[in-house]
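Novice: Provide a 3D model corresponding to the input given below.
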Amino acid sequence: MSYKVMVVDDEAIVRESVARQIPWDRYQMELVHTAGSAVDALEYLKSHSVDLMLVDVRLPVISGLELVKEVHKTYPATQFIMISGYADFEYAREAMRSHALDYLLKPLNAVSLLSAIRKAQEAWEQRQFSQSLQVLGLELPEHTSTIDSAYSPTVVQILALVNEEIANPELSLKWISSQRMYLNETYLSKLFQREIGEKFSAYLVRQRMMLAMRLMLRSPYLQIQEIAQQTGFGDNPQYFSSVFHRFTHMTPSEFRKKLGKLPPLP
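Specialist: Next up, the predicted model:
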């Protein structure tokens with residue numbers, strides 16, 4: 001299942017630009033429709049589902065803000081990014097009030113556009129993932145999984161390195177200290193635990209297990225050995241299975257049996 005995106009803008013050049021600038025297939029996305037008006041968009045939604053809508057603020061007849069409010073009533077799970085040629089704070093503020101995740105100015109920059117869409121996609125995937133775990137009866141405590149600007153720059157860098165190096169079997173706070181940040185390991189350990197609320201080792205295991213479950217949900221036929229490699233356990237699937245069991249109280253096989261009732265994640 002791909003992440004379905006619609007663009008709503010009365011300017012054909014903008015619709016074509018969005019379609020051309022994003023490598024949709026690379027990110028498991030699909031541009032399912034480009035609409036020149038709110039009426040066109042609403043008509044399409046009567047028979048098709050859309051995960052994200054990029055909507056121009058100023059549309060003819062029905063404005064983009066009115067369109068977003070209307071769609072949200074009927075399809076509350078749909079996400080929105082507003083686009084406009086007007087650098088007006090009031091438009092941005094009203095867009096945020098209208099359930100929009102972001103507000104982009106024309107002409108659209110390819111990097112900013114992709115970043116905004118990927119951020120929306122990640123939020124959507126996280127919601128799908130959480131719902132799937134609830135269906136499976138997994139009561140996992142909520143802990144930090146994203147990089148929060150409220151953290152100190154040092155902790156933000158540690159979190160970023162975990163995301164980048166999650167498949168690295170050598171990844172540890174000692175490795176980060178000596179190979180990437182060149183700061184005292186004890187200092188990093190105390191700072192991390194104070195801000196995140198758990199030890200780095202526990203955080204790393206949590207992130208690896210959440211990634212493992214996400215991989216199994218996305219790719220039901222992925223081999224355990226491949227999952228172990230992608231989650232930092234190298235060529236040791238037995239150890240991966242042991243840690244997975246301690247974390248979920250299920251073996252990978254038992255977890256996969258429960259997945260039979262769920263569609264794969266995108």
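
Novice: before we move on, what SS does the residue with the largest distance to the centre of the chain have?
Specialist: Centroid-distance maximum for the chain: Val61 at 33.6 Å, with CA atoms, centre = their mean. Here Val61 is coil, with the state taken from DSSP: H, G, I helix; E, B strand; the rest coil.

Novice: For it, give me its contacts.
Specialist: Residues in contact with Val61 (CB atoms under 8 Å, 6 or more residues apart in numbering) are 37-39. C-beta here means a position set from N, CA and C on the backbone, and glycine is covered the same way.

Novice: Phi and psi next, for it.
Specialist: As for Val61, its main-chain torsions (degrees, to the nearest 10) stand at phi 70, psi -70.

Novice: my read: Gly232 touches Asn168, true?
Specialist: Yes: A contact is recorded between Gly232 and Asn168 when judged using CB atoms under 8 Å, the distance being 6.0 Å.

Novice: In terms of neighbours, single out the busier of these two.
Specialist: A direct count of neighbours by other CB atoms under 10 Å for Gly232 and Asn168 places Gly232 higher, at 22 against 14.

Novice: give me phi/psi at that one?
Specialist: The phi and psi torsions at Gly232 (degrees, to the nearest 10) take the values phi 90, psi 10.

Novice: So which bits of stretch 232-242 are buried?
Specialist: 232-233, 237, 240-241 (16 or more other CB atoms under 10 Å).

Novice: show me where the stretch 101-250 of the chain has strands.
Specialist: Shown for the stretch 101-250 of the chain, the strands assigned by DSSP state E, counting those that start in this stretch span residues 102-105.

Novice: Where does pLDDT dip in it?
Specialist: 139-149 (pLDDT under 70).

Novice: Reformat the contacts of Val61 as JSON lines; add neighbour count and secondary structure.
Specialist: Written out in JSON lines, the entries for the contacts of Val61 read as follows (neighbours: other CB atoms under 10 Å; DSSP: H, G, I helix; E, B strand; the rest coil):
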{"residue": "Ser37", "neighbour count": "17", "secondary structure": "coil"}
{"residue": "Ala38", "neighbour count": "23", "secondary structure": "helix"}
{"residue": "Val39", "neighbour count": "14", "secondary structure": "helix"}
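
Novice: quick one on the thing from earlier: tell me the one of the buried residues of stretch 232-242 nearest Lys190?
Specialist: Of all these, Lys190 sits closest to Gly232, with 23.6 Å by CB to CB.

Novice: so what's that closest one up against?
Specialist: Applying CB under 8 Å, 6+ apart, one finds that Gly232 lies in contact with 165-169, 171, 204, 208.

Novice: quick check: longest helix of the chain.
Specialist: Taking residue count as the measure and DSSP state H as the definition, the longest helix of the chain comes out as helix 110-135.

Novice: what's that one packed up against?
Specialist: If you count contacts as 3 or more CB pairs under 8 Å, 6 or more residues apart in numbering; DSSP states H and E, helix 110-135 packs onto strand 3-8, helix 12-21, strand 52-56, strand 79-84, strand 102-105, helix 200-218.

Novice: That one to strand 79-84, inter-axis angle?
Specialist: Relative orientation of helix 110-135 and strand 79-84, computed by axes from the mean of the first three to the mean of the last three CA atoms, to 10 degrees: 160 degrees.

Novice: Please give the centre-to-centre distance between helix 110-135 and its chain.
Specialist: Distance, stretch centre to chain centre, for helix 110-135: 3 Å (CA atoms, centre = their mean, to the nearest Å).
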